[in-house]
Structure formats: C-alpha cells, structure tokens
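Asker: this is a predicted model, with the sequence first.
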Amino acid sequence: MSVDIFKKLGTKDQYEYLRNLNYQPSNLPNVSVHYGDIRAICIDKKSSAYISEGSIQSFSQQPKGKIVQYDIPVNQPVELRNETTRKVYMKLDESMLLDEKIGDVVLHYKPMVEEELENIT
C-alpha cells in the first residue's frame, strides 16, 4: 500500500501549539494523548502508536527555521512508528488512537531534511 503525503510550509506557531498541549498517558506505552479543542498524540522516540483510518497532520523542523506540515490521509488502521530520537507530535483528524495493532501497515516517521525545501509552498 502506498500512502500519499501532502507537504506544505507550516508555521512555528502551529508546531509549538501542538507540542505544548497538555498530554496525558494513554493505554499504550510511550504514547500520550490530548483530547480537547483538537485530538493529538505524542509518540516517544523509538516507539509506536496505532490509529484508525482518517487523516493525520504532523510538523517537522527543518534548517533555517522552516517548518514543514505533512497532511497524511489514512485509508486503513496503521502503526505509526517513530524512528527518530525525538518525540513526534501528530494531530488526529477523523482518526482515533487504538489500543492495539490492527493489520500490518506501518508508516515510518524517520529523521529527514527536505532537500527541495524551497519548492514547498
């Protein structure tokens, strides 16, 4: 299965807002949740979370203070695997955190620098 990932420039305010939410422990180890004005999760480094179909949004800090926003439609339950050495924050749009893995689809979140940052609008 291929996953379409839509990229655009985000703002530091969007990134900081998601990062500074009041996260609470979840039923999954190393995963915290926020339910309030938005639904969001925080996945610790080298950890995984499982979500239902819907869509997610995440942000990545890039060189020169740029922030890239990733909008990712999710067509079936998926494991979000954080392979970075940092926490990853994701906004869940129409997706729910699941207590266990369903299926075998994995979306890997790896450290990366967008090579064509100037082409992202």
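Answerer: Right, received. Where do you want to start? Numbers count the residues shown, from 1 in each chain.

Asker: what is the least confident helix or strand in this structure?
Answerer: For the chain, using mean pLDDT, DSSP states H and E, the weakest element among its helices and strands is strand 6-9, scoring a mean of 87.

Asker: and whatever helix or strand comes next after that one, what's buried?
Answerer: Using DSSP states H and E, the helix or strand that follows strand 6-9 towards the C-terminus is helix 12-19. For helix 12-19, the neighbour count (16 or more other Cβ atoms under 10 Å) marks 15, 17-18 as buried. The C-beta positions use only the backbone N, C-alpha and C, and glycine is treated the same way.

Asker: the strands in this protein, which residues?
Answerer: Listed in chain order, the strands of the chain (DSSP state E) span 6-9, 24-25, 31-35, 39-43, 47-51, 54-61, 67-74, 78-82, 88-93, 97-98, 106-109.

Asker: can I get those strands in TSV including mean neighbour count?
Answerer: Shown next, in TSV, are the strands of the chain (neighbours: other Cβ atoms under 10 Å):
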stretch	mean neighbour count
strand 6-9	13
strand 24-25	10
strand 31-35	18
strand 39-43	23
strand 47-51	20
strand 54-61	19
strand 67-74	18
strand 78-82	21
strand 88-93	21
strand 97-98	18
strand 106-109	14
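
Asker: among these, show the one with the smallest mean pLDDT.
Answerer: Looking at the strands of the chain, the lowest mean pLDDT belongs to strand 6-9 (a mean of 87).

Asker: so what secondary structure elements neighbour that strand?
Answerer: Other elements packing on strand 6-9 under the criterion 3 or more Cβ pairs under 8 Å, 6 or more residues apart in numbering; DSSP states H and E are strand 67-74.

Asker: dump the strand it packs on to PDB, restricted to CA.
Answerer: In PDB, the C-alpha atoms belonging to strand 67-74 read as follows (Å, rounded to 0.1, in the frame of the first residue of the first chain):
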ATOM      1  CA  ILE A  67       8.600  24.100   9.400                       C
ATOM      2  CA  VAL A  68       7.100  21.600   7.000                       C
ATOM      3  CA  GLN A  69       3.500  20.400   7.600                       C
ATOM      4  CA  TYR A  70       2.600  16.900   6.500                       C
ATOM      5  CA  ASP A  71      -1.000  16.000   5.800                       C
ATOM      6  CA  ILE A  72      -1.500  12.300   5.500                       C
ATOM      7  CA  PRO A  73      -4.800  10.500   4.600                       C
ATOM      8  CA  VAL A  74      -5.000   7.100   6.300                       C
END
